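Colleague: Give the three-dimensional model of this entry:
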Amino acid sequence: MPKARLFPALCLTWLAALALPQAQAEETTRVRPAQWAQPVDAQYNLYQMSPTLYRSALPDSDAQPLLAKLQIATVVNFLPEADAFWLKNPDVAQVQLPYRTNHVDDTDVLAALRAIQTAQTKGPVLMHCKHGVDRTGLMAAMYRVVVQDWSKEDALKEMTEGGFGQNSHFKDGASYMMKADIAQLRAALSSGACSTSPFAVCAVKGWLKSS
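Modeller: Next up is the predicted model:
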């Protein structure tokens, strides 16, 4: 090879050698953490969080064979519309707990976590909202922190970087989670309380009903 061409070729080889470790490092960082929810079906934004808990976007009637394969026993729905229009299997329990991330409070979270834990005793659970991003994402993150003892930072990273989709309401869910008193939520979940506050509407209604 002529000397005039040898130097540029050596430079390119040297640059490529330098770039390879960086490219490999970037590839490594793109590997999905094993503890994050793992993808099951892209059409429904369906992921498995644990052996008995899944998260997804709003399913449809075509999803029923897939849910049967996963042995889903309960579907927890965070939308104001019921699942009865698509879920026709009478053996699958339907739990509807509508809420909005920009108005979420401890009562909503406790109701969802308690419903999930109760349903898990009967088999795998699927929770969903419309897109499987903001409402489902927040409850998934709260499950990670309150039930599975994740740090808020780790749960937030999965919620926002887990590939579930982008949503402008992430900031609302993240704001709630970072302010939430996890110890109080765990205590309320364990005791059966509907809220961390004795003055919450649900607590006052319960007190009035029992008096």
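
Colleague: Going by C-alpha atoms from here, please, whenever you check contacts or count neighbours.
Modeller: Fine.

Colleague: Kindly provide the distance from the residue nearest the centre of the chain to residue 69.
Modeller: Nearest residue to the geometric centre of the chain (C-alpha atoms, centre = their mean): residue 140, 3.1 Å. Using C-alpha to C-alpha, to the nearest Å, one gets 22 Å for the distance from residue 140 to residue 69.

Colleague: in which helix or strand would I find the residue nearest to the centre of the chain?
Modeller: Assigned by DSSP states H and E, residue 140 falls within helix 135-142.

Colleague: Just list what that helix packs against, helices and strands only.
Modeller: Contacts defined by 3 or more C-alpha pairs under 8 Å, 6 or more residues apart in numbering; DSSP states H and E place helix 135-142 against strand 53-56, helix 106-120, strand 125-128, helix 152-161, helix 170-179.

Colleague: tell me the angle it makes with helix 152-161.
Modeller: 160 degrees (axes from the mean of the first three to the mean of the last three C-alpha atoms, to 10 degrees).

Colleague: mean confidence score for helix 135-142?
Modeller: Regarding helix 135-142, the rounded mean pLDDT is 97.

Colleague: got the contact list for it?
Modeller: 55-56, 78, 99-101, 109, 112-113, 127-129, 152, 155-156, 158-159, 173-174, 177 (C-alpha atoms under 8 Å, 6 or more residues apart in numbering).

Colleague: redo that, cut-off 6 Å
Modeller: Outside helix 135-142, the residues that touch it by C-alpha atoms under 6 Å, 6 or more residues apart in numbering are 101, 128-129, 155, 159, 173.

Colleague: Taking those residues together, which two end up most distant?
Modeller: 129 and 155 (18.5 Å; C-alpha to C-alpha).

Colleague: all helices for this structure, in order.
Modeller: 3-29, 64-69, 106-120, 135-142, 152-161, 170-179, 182-191, 201-210 (DSSP state H).

Colleague: Report the mean per-residue pLDDT for the first one.
Modeller: This points to helix 3-29. Mean pLDDT, computed over helix 3-29, is 41.

Colleague: can you check stretch 183-193 too?
Modeller: If you average the pLDDT over stretch 183-193, you get 97.

Colleague: residues of that stretch that come out buried?
Modeller: Within stretch 183-193, the residues scored as buried using 16 or more other C-alpha atoms under 10 Å are 185-186, 188-189, 193.

Colleague: likewise stretch 58-71?
Modeller: Under 16+ other C-alpha under 10 Å, the buried positions of stretch 58-71 are 58-59, 64, 67, 70.
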